[in-house]
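Asks: Sequence and computational prediction follow.
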Amino acid sequence: MSSSAPPPSGLRERVVVAARAVRPAGRAVPEPAPITAVEAFSRAADALNGLLSALADDQWETVALRGLDAYGLVAHLTGVEDDVRAALEGDPGVADIDHVAATRSQPARTPEGTRVAWRTAVDATLTHLAATDDLDQVVAVHRIRLPLRSLLVARAFELWAHENDIRAAIGMPRRDPDPSTLTLMTTLATRLLPFGVARLGNGQAPVDLHLVLTGDGGGTWDLPLGDRGAPAPALRDVPEVTIVAEAVDFCRLVANRLRPADLPTHLGGSVVHVPHILAGAAALALD
Amino acid sequence: MHMLLDARAAGGMGARSDRGRCSGPARGSTLSDMRSPDQLLAARLAAGDERALTEAFDALASAVHTAAVRVLGQTATAQDVVQDVFVELWRRPQRYDPALGSLRTYLIVSARHRAYDVLRSELRRMGREARHHRLTPGHHQDSPDEKVADALTASTVREALRTLPAEQRQVVEMAYFGGLSYREVARTVGISEGTAKSRIRLALGKLEILLDRQMLESS
């Protein structure tokens, strides 16, 4: 008997065909339990509420982000919540206002008062959502126009990012979203990525991205990026780049909580395009 | 929320990867520094990256096939074992724990286990057929391909059986080829039923070890 027995030709193809029959490509395993965008938003709110409930008085005064302490940050979130609810109720006045300028008010400077004001606003949003069947309706708020289900996942991003801003400020470890929520977040981020890259400027050469996000919330996506207005012959030899990153790190990137240069990645293909792609991801600013 | 997007973004441009293009090995950066190649491959498999499967196949199929062939011979069954091993890796990549060893070792051990499972069922099948042939005068004739495959497998099994101690070979032959129950084996040999069971288990265990050794010696 020989010491090595190479597999016969054709076996590789057989394996690939059989593998596809038992599990489609692109989907991560184990698959987390699917949840709605409303549930993702609700979970993110609960997590932040849990943190706020446990903060000591002096921790509320620790600067967490851009000069804002927890009071300022939570008051900002309360303002966002009020504006989102106004948008849900059809108020066009919140469609194009600046989201930071519109939410600077800090009426309460007590921990419980600030937290309760925000939680009450969140609950009002959830009450409105409970009576809404159409998660595909486009909602316009703070210069954002997204279907409601996408907006809610973006809100989950926002609450998660700010929760970790406060955690970092007071020396607590980062909290990562549960796998079900994270899956919705990576799905939204990868859908938006072509637009983030496009926002960086016209004339970006077309490139095909093979994006592999590992860990909880992961998956694999093939995304056409760059200017696709070129004549067909020019698109024939579109370069391809592979980026492998942790799903949660990619979410931190698109939430502007990780710089592109600091994203741990494994790269392949036309890596010259990577900085531009990652800059496009960061430009999404889902915080 | 700082993003500036509109509803066009909601439809989604990207597609979940379902293409099997196999790129070359990705060049390392910080992530690869933190992970072994096997850890990275396992993470990519779990993420549904089909290219990780083809890369694993290209790198390890030869070793996996060799392991299967050493137990089952150059048979279609050995190829089936290879297919099963890689499909199972794709279906449940989380079963591979890089902390416990290399992917190569994991797949080779998986192939051996599957091959032994095939051998065990082959032993039972051969026993059933032997009994059937004895009882049925004009039995079905196998095709030439089936005969070759069966002969290769049977020869491997018989070769291993011959190396067993006589008392162990005797009980295995009685149970698997003679179609006797544990009780009947015990009565025929003149031992207790418990002894018959444990002797058969011991014989099967030795059979595995013998086949294992065969494999190691020829590697």
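Replies: Received it, and whenever you're ready, just let me know what you need.
Asks: how about the strands in chain B?
Replies: Using DSSP state E, the strands of chain B run over B:15-16.
Asks: Name the single longest helix found in it.
Replies: Criterion DSSP state H: the longest helix present in chain B is helix B:103-135.
Asks: If you count neighbours, what's buried in it?
Replies: B:103, B:106-108, B:110-112, B:114-116, B:118-119, B:122-123, B:126-127, B:129 (16 or more other CB atoms under 10 Å in any protein chain shown). No exception for glycine: its C-beta is placed from N, CA and C like everyone else's.
Asks: So that helix, near chain A or not?
Replies: No. Judged by CB under 8 Å from any CB of the partner chain, helix B:103-135 stays clear of chain A, getting no closer than 11.2 Å.
Asks: so what does that helix touch, helix or strand wise?
Replies: helix B:37-46, helix B:50-72, helix B:76-91, helix B:144-162, helix B:193-218 (3 or more CB pairs under 8 Å, 6 or more residues apart in numbering or on different chains; DSSP states H and E).
Asks: can you give me the strands in the stretch 51-200 of chain A?
Replies: With strands called from DSSP state E, counting those that start in this stretch, the stretch 51-200 of chain A shows them at A:63-65, A:68-69, A:138-141, A:144-147.
Asks: Against which helices or strands is the first one packed?
Replies: Where contact means 3+ CB pairs under 8 Å, 6+ apart, strand A:63-65 is packed against helix A:70-88, helix A:148-169.
Asks: Give me the buried positions along the first one.
Replies: In this case it means helix A:70-88. For helix A:70-88, burial by neighbour count (16+ other CB under 10 Å) applies to A:70-85, A:87-88.
Asks: ok, and which of those reach chain B?
Replies: A:V80.
Asks: one step back: so for A:I277, which of the helices and strands packed on strand A:63-65 sits nearest?
Replies: Ranking the helices and strands packed on strand A:63-65 by their distance to A:I277 (criterion: CB to CB) puts helix A:148-169 first, at 19.0 Å.
Asks: in the closest one, what counts as buried?
Replies: A:148-167, A:169.
Asks: Over to stretch B:72-80?
Replies: Buried residues in stretch B:72-80, counting neighbours by 16+ other CB under 10 Å, are found at B:L72, B:G73, B:Q74, B:T75, B:T77, B:A78, B:Q79, B:D80.
Asks: Among the residues you listed, which one lies nearest to chain A?
Replies: Distances from chain A to these, taken as CB to the nearest CB, are shortest for B:Q79 (5.7 Å).
Asks: Identify the residue nearest the closest one in space, chain neighbours excluded?
Replies: Ranked by CB to CB, 6 or more residues apart in numbering or on different chains and with sequence neighbours excluded, the top spatial neighbour of B:Q79 is A:L11, at 5.7 Å.
Asks: residues contacting the one you found?
Replies: B:A61, B:H65, B:Q79, B:V82, B:Q83 (CB atoms under 8 Å, 6 or more residues apart in numbering or on different chains).
Asks: Would you mind giving these as TSV with pLDDT added?
Replies: Shown next, in TSV, are those (pLDDT from 0 to 100):
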residue	pLDDT
B:A61	97
B:H65	96
B:Q79	95
B:V82	97
B:Q83	98
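Asks: Give me the local confidence score for B:L210.
Replies: On pLDDT, B:L210 comes in at 68.
Asks: same check, this time on B:C22
Replies: Taking B:C22 on its own, its pLDDT is 34.
Asks: in what helix or strand does A:D222 lie?
Replies: Per DSSP states H and E: A:D222 is located in strand A:219-225.
Asks: Mind listing what's buried along that strand?
Replies: Of the residues in strand A:219-225, A:G219, A:T220, A:W221, A:D222, A:L223, A:L225 count as buried by neighbour count, 16+ other CB under 10 Å.
Asks: Just name the lowest-scoring one in these, pLDDT-wise.
Replies: Within the buried residues of strand A:219-225, pLDDT reaches its minimum at A:L225, with 93.
Asks: ok, the residue at minimal distance from the centre of chain A - contacts?
Replies: The centre of chain A sits closest to A:M185, judged by CA atoms, centre = their mean, with a distance of 4.2 Å. By CB under 8 Å, 6+ apart, the residues touching A:M185 are A:A40, A:V153, A:A156, A:F157, A:W160, A:P177, A:G217, A:C251, A:L286.
Asks: A:V153 is in contact with the first one, correct?
Replies: I take that to be A:A40. Yes. Using CB atoms under 8 Å, A:A40 is in contact with A:V153, at 5.7 Å.
Asks: Could you name every residue contacting both of those two?
Replies: A:L184, A:M185.
Asks: got any ranges where chain B has weak pLDDT?
Replies: Within chain B, the stretches with pLDDT under 70 are B:1-34, B:131, B:133-157, B:208-219.
Asks: meant to ask about the stretch 101-250 of chain A
Replies: Counting by pLDDT under 70, the stretch 101-250 of chain A contains low-confidence ranges at A:101-108, A:202-203, A:229-236.
Asks: Nearest spatial neighbour of A:P34, chain-adjacent residues omitted?
Replies: Nearest to A:P34 is A:S180, by CB to CB, 6+ apart, at 6.7 Å.
Asks: The one you found: neighbour count?
Replies: Counted with other CB atoms under 10 Å in any protein chain shown, residues neighbouring A:S180 total 19.
Asks: got it, and the one 3 residues further on?
Replies: A count of neighbours around A:T183, defined by other CB under 10 Å, yields 26.
Asks: I'd like to know how many residues surround the residue lying closest to it once chain neighbours are set aside.
Replies: Spatial nearest neighbour of A:T183, chain neighbours left out: A:G217 (4.7 Å); criterion: CB to CB, 6+ apart. Around A:G217 there are 27 other residues, counting by other CB under 10 Å.
Asks: Name the SS class of A:G217, please.
Replies: At A:G217 the chain is in coil, as set by DSSP: H, G, I helix; E, B strand; the rest coil.
Asks: The nearest residue to A:A168 once chain neighbours are set aside: what's it in contact with?
Replies: Closest residue to A:A168 apart from its sequence neighbours, by CB to CB, 6+ apart: A:R174 at 7.1 Å. Under the criterion of CB under 8 Å, 6+ apart, the neighbours of A:R174 are A:N164, A:R167, A:A168.
Asks: ok, A:R174 to A:R252 distance?
Replies: A:R174 sits 9 Å away from A:R252, going by CB to CB, to the nearest Å.
Asks: ditto for A:L225
Replies: Distance of A:L225 to A:R252, given as CB to CB: 20 Å.
Asks: A:G113 too?
Replies: 31 Å.
Asks: between the two, which one's more packed in?
Replies: Legend: neighbour count by other CB under 10 Å for A:G113 and A:R252, higher for A:R252 (24 against 12).
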